[in-house]
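Undergrad: One predicted model, sequence on top.
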Amino acid sequence: MPVTTTPPTSLDVPALLAGLTLEEKVGLLDGADLWRTRAVERLGIPKIMVSDGPHGLRAQHEQGDHLGGLEAAPAVAFPPAAATASSWDVALLGRIGRALGEEARALGVSVVLGPGVNMKRSPLCGRNFEYFSEDPFLAGRLASAMVDGTQGVGVGASLKHFAANNQETDRMSVSAEVDERTLREIYLPAFETVVTRSQPWTVMCSYNRINGVFASQDPWLLTTVLRDEWGFEGLVVSDWGAVYDRDRAVAAGLDLEMPSSGGVGASAVLRALEAGTLSEAEVDRAAARVLELVSRSLPALGAGRTYDEDAHHALAREAAADSVVLLENDGVLPLAPTGGAVAVVGEFARSPRFGGGGSSQVTPTRLDDALSELRAGLAGREVRFAPGFTLSDETPAAEAARLRDEAVEAARGAEVAVVLLGLPDAYESEGYDRQHIHLPPQQVAVLEAVAQVAAKVVVVLTNGSVVEVAGWRQHADALLEAWLLGQAGGGAVADVLLGRVNPSGRLAETMPLALEHNPALGNFPGTGDVVRYGEGLLVGYRWYDARRLPVAYPFGHGLSYTTFAWADLETEVVEDGAAPRVRVALTVTNTGDRAGKDVVQVYVRDEDASVFRPEQELKGFAKVALEPGASTRVELELDARAFSFWHPVLGRWVVEPGAFTVRLGASSRDVRLERTVDLAGEPVVLPVDADSTAAQWLAHPVLGDRLRAVLDGTSHGAILADPEVGQMMSAIPVRRLARFPGSPFSEQWLEDTLAAHAAG
Ligand code: BGC
């Protein structure tokens with residue numbers, strides 16, 4: 001519904017704040033309804049509208065809901081993040097973000113509720129289709145590009161769900177128990193990247209608790225980390241219904257409660273003001289942020305905004321095709337325009353599943369299906385079709401057998417059977433998690449039967465998060481991971497199968513051999529409202545690498561119809577010390593006979609870490625398009641964060657001195673070039689006190705020498721120098737050693753030495 005009135009183009013926030021009554025200010029901190037902020041007509045403050053979601057708008061101008069049950073205004077359904085993350089293409093994400101912004105403007109929407117950058121801790125998370133990756137670097141860079149695109153046309157983004165919302169089970173109450181290093185290195189960096197690079201207009205807090213505290217009222221999360229450390233300048237909005245104690249939430253830094261609490265929030269705030277547990281300054285701060293959000297929204301609101309639906313549909317198709325991951329191919333793909341019969345099998349071919357369930361459900365402007373697109377593209381070949389199965393688990397056995405037999409007849413004698421398998425809608429949704437990662441057994445049965453009679457089999461997967469393939473992939477001569485591909489996915493699948501698009505997707509999440517190999521096993525989804533992140537840093541490939549586990553397809557994997565050669569790796573330390581920068585360059589050549597795109601993935605391995613670190617971590621990537629025979633020099637720069645870890649004792653990022661190997665991979669398990677660089681880093685000096693161990697004292701650059709001097713020539717000194725007993729002794733706190741008979745130093749000496757050191 002286009003906006004027809006002409007609102008002002010900016011607000012004088014300080015003046016308005018001064019003119020508002022206390023009740024009006026408190027009122028601004030609450031939504032007006034499901035999707036709008038509150039207006040204050042007396043002062044000419046208009047309301048603005050926000051809408052889901054990350055990959056297509058769900059603008060509900062009249063009746064609404066936040067769970068995707070009711071219709072929304074038609075909008076282009078782009079592929080969800082699980083798919084677009086596989087493109088590894090920041091420019092593409094930027095274009096999608098921009099298109100979303102254009103549609104938002106045309107529909108009178110000021111903030112798009114997305115993207116979501118939560119980590120894929122377990123493939124079971126029902127909402128994984130909405131999230132980018134198991135890797136924070138990849139998720140952060142892609143989401144940042146998307147936010148830039150949307151905000152570039154004057155529409156805000158809402159980075160969500162902040163933070164540690166990695167499951168749907170008990171999402172409104174569960175406490176994620178995560179140590180700080182794991183939060184800093186795995187669960188927060190994607191948010192940090194988007195905030196520091198793109199300044200999203202809003203950040204949406206998550207429903208869950210983190211280490212016991214609701215994200216919606218966690219001052220450490222919403223103020224210390226988000227604003228003081230990362231410099232966030234926008235507004236924090238609650239997830240829909242995430243507020244617990246409204247007054248504590250305001251104090252913690254949650255500015256806007258959505259949807260409208262019907263006055264409950266305002267009463268709590270007014271009561272707290274009266275009791276003196278909340279100050280008017282805190283209310284003013286939040287109200288000012290609401291006004292600033294309204295103000296920055298105004299320029300884009302105006303009558304007559306439209307968008308080019310054809311162009312957006314074409315972009316959705318391009319994005320979908322570039323998101324498909326070719327997992328296997330024995331040469332059967334691409335399909336030739338002429339040749340023997342092609343059997344298309346699978347209900348998904350005519351009934352595409354284009355998105356996941358819940359708040360991100362889009363009412364698409366149109367919907368392409370793979371069957372029609374394949375028929376059009378293979379006009380020179382006989383194309384047969386059989387649905388093979390239904391998308392319901394309730395299908396009676398006799399009906400399932402009939403459908404399977406029909407599929408076998410369609411595939412009999414076919415030169416190739418294209419079998420579309422996947423997860424029906426009910427398998428993956430916001431609001432609940434999966435119980436397993438298997439395909440429905442009736443689909444596997446159809447594949448097995450079809451493989452008996454068709455000369456070649458191509459399997460195309462439809463799913464929002466990984467499925468187990470080990471039990472059936474031997475039947476596939478080619479295997480395409482086609483995720484959920486948005487409204488133009490049917491055409492995109494045909495584009496890839498027919499070779500009109502050379503596949504260039506790379507997995508943004510590991511495909512494990514079995515769910516039982518997943519690191520969260522036993523710790524997902526938790527019990528009694530507590531979920532313990534026991535695997536710590538070892539999420540996704542970090543775990544499979546550390547455990548040396550075989551996987552079905554590794555993080556970063558994806559094939560092409562052409563081949564690439566990588567050569568002439570150069571690394572240059574352009575800045576050394578505590579904040580190093582390393583330039584990496586290589587030459588990529590398309591050595592095949594088709595144009596194609598390749599993805600260079602840069603992993604960094606810390607060879608000399610003093611703490612446990614993952615085997616390797618993604619710290620850079622670049623996607624390049626090359627004509628046959630063409631070469632290009634790819635250059636990337638690794639910054640300090642590429643080498644650092646969150647020091648649990650110092651409570652900050654540290655680059656330790658030593659060797660780091662820069663590994664260039666075509667996947668996390670296909671490292672093609674590598675080089676080691678030595679970095680000066682920063683010498684880490686850990687603080688010691690009288691309760692630190694002898695080893696900790698001896699490692700200290702100043703106090704170590706002092707201790708060595710008093711130990712010199714003593715029996716304690718001799719024991720400490722012994723290779724065996726010395727190890728035992730060095731683990732004893734010096735205060736206890738001081739009390740041992742014959743100790744050459746006393747507790748007083750320790751205190752005096754520490755005091756003298758502190759005094760400089
Ligand atoms: C979801 C959010 C969404 C909001 C509004 C919530 O249930 O978690 O992602 O933006 O609803 O629909």
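TA: Sure thing, it's come through.

Undergrad: tally of neighbours for the closest residue to residue 306 other than its chain neighbours?
TA: Nearest non-adjacent residue to residue 306, counting by Cβ to Cβ, 6 or more residues apart in numbering: residue 106, 5.3 Å away. In short, each C-beta sits where N, CA and C put it, glycine included. Applying other Cβ atoms under 10 Å, we find 22 residues neighbouring residue 106.

Undergrad: Look up how far residue 302 lies from residue 106.
TA: Here the distance between residue 106 and residue 302 works out to 10 Å (Cβ to Cβ, to the nearest Å).

Undergrad: same thing with residue 426?
TA: Using Cβ to Cβ, residue 426 is found at 41 Å from residue 302.

Undergrad: So between these two, which is more surrounded?
TA: Higher neighbour count among residue 426 and residue 302: residue 302, with 17 against 11, using other Cβ under 10 Å.

Undergrad: Contact residues of the protein facing the ligand?
TA: 52, 53, 66, 113, 160, 239, 240, 359 (Cβ under 6 Å from any ligand atom).

Undergrad: Pretty sure the third one sits against residue 50.
TA: No: here residue 66 does not reach residue 50: they are 11.0 Å apart, not a contact under Cβ atoms under 8 Å.

Undergrad: Of the two, give the one with the bigger neighbour count.
TA: Between residue 66 and residue 50, counted using other Cβ under 10 Å, the more crowded position is residue 50 (28 against 21).

Undergrad: so which residue of the stretch 501-650 of the chain comes closest to the ligand?
TA: residue 525 (16.0 Å; Cβ to the nearest ligand atom).

Undergrad: helix/strand/coil for that residue?
TA: Here residue 525 is recorded as coil under DSSP: H, G, I helix; E, B strand; the rest coil.

Undergrad: Just confirm it contacts residue 173, I think it does.
TA: No: the criterion here is Cβ under 8 Å, and residue 525 misses it with residue 173 at 11.7 Å.

Undergrad: Which of these two has more residues huddled nearby?
TA: More neighbours surround residue 525 than the other of residue 525 and residue 173, with 19 against 12 (other Cβ under 10 Å).

Undergrad: any idea how far the closest residue in space to the more buried one that isn't next to it in sequence lies from residue 534?
TA: Spatial nearest neighbour of residue 525, chain neighbours left out: residue 169 (3.6 Å); criterion: Cβ to Cβ, 6+ apart. Distance check for residue 169 against residue 534: by Cβ to Cβ, it reads 16 Å.

Undergrad: And residue 247, by the same measure?
TA: Distance, residue 247 to residue 534, using Cβ to Cβ: 34 Å.

Undergrad: For residue 478, grab phi and psi.
TA: Main-chain dihedrals, residue 478, degrees, to the nearest 10: phi -140, psi 150.

Undergrad: Report the contact partners of it.
TA: Residue 478 is in contact with 326, 328, 329, 330, 332, 333, 456, 457, 458, 459, counting by Cβ atoms under 8 Å, 6 or more residues apart in numbering.

Undergrad: wait, isn't the third one in contact with residue 559?
TA: Okay, so that is residue 329. Yes: with contact defined as Cβ under 8 Å, residue 329 counts as touching residue 559 (5.7 Å).

Undergrad: what's around the closest residue to residue 469 other than its chain neighbours, how many residues?
TA: Residue nearest to residue 469 in three dimensions, not counting chain neighbours: residue 552, with 5.2 Å by Cβ to Cβ, 6+ apart. Using other Cβ under 10 Å, residue 552 is surrounded by 20 other residues.

Undergrad: which ones are touching residue 552?
TA: 468, 469, 470, 473, 511, 512, 513.

Undergrad: now do residue 489
TA: Shown in contact with residue 489 (Cβ under 8 Å, 6+ apart): 79, 317, 320, 352, 354, 368, 370, 482.

Undergrad: A helix includes the third one, no?
TA: Yes: if the criterion is three-state DSSP, then residue 320 is within a helix.

Undergrad: Report pLDDT for it.
TA: Looking at residue 320, its pLDDT is 98.

Undergrad: What about it, how many residues nearby?
TA: Neighbourhood size, residue 320 [other Cβ under 10 Å]: 32.

Undergrad: Skip the chain neighbours and tell me the closest residue to it.
TA: Excluding the flanking residues, the one nearest residue 320 by Cβ to Cβ, 6+ apart is residue 492, at 3.4 Å.

Undergrad: Next secondary structure after the helix or strand harbouring that neighbour?
TA: Using DSSP states H and E, residue 492 sits within helix 489-497. Moving toward the C-terminus from helix 489-497, the next helix or strand (DSSP H and E) is strand 530-532.

Undergrad: got a list of contacts for whichever helix or strand comes after that next one?
TA: Elements were assigned by DSSP H and E; along the chain past strand 530-532, the next helix or strand is helix 541-546. Identification of contacts with helix 541-546 by Cβ under 8 Å, 6+ apart yields 134-135, 510, 512, 517-519, 535, 538, 549, 551, 554-556, 614-617, 668.

Undergrad: any idea of the mean pLDDT in helix 541-546?
TA: Per-region confidence: helix 541-546 scores 98 on mean pLDDT.

Undergrad: Having no further points to raise, I will conclude here.
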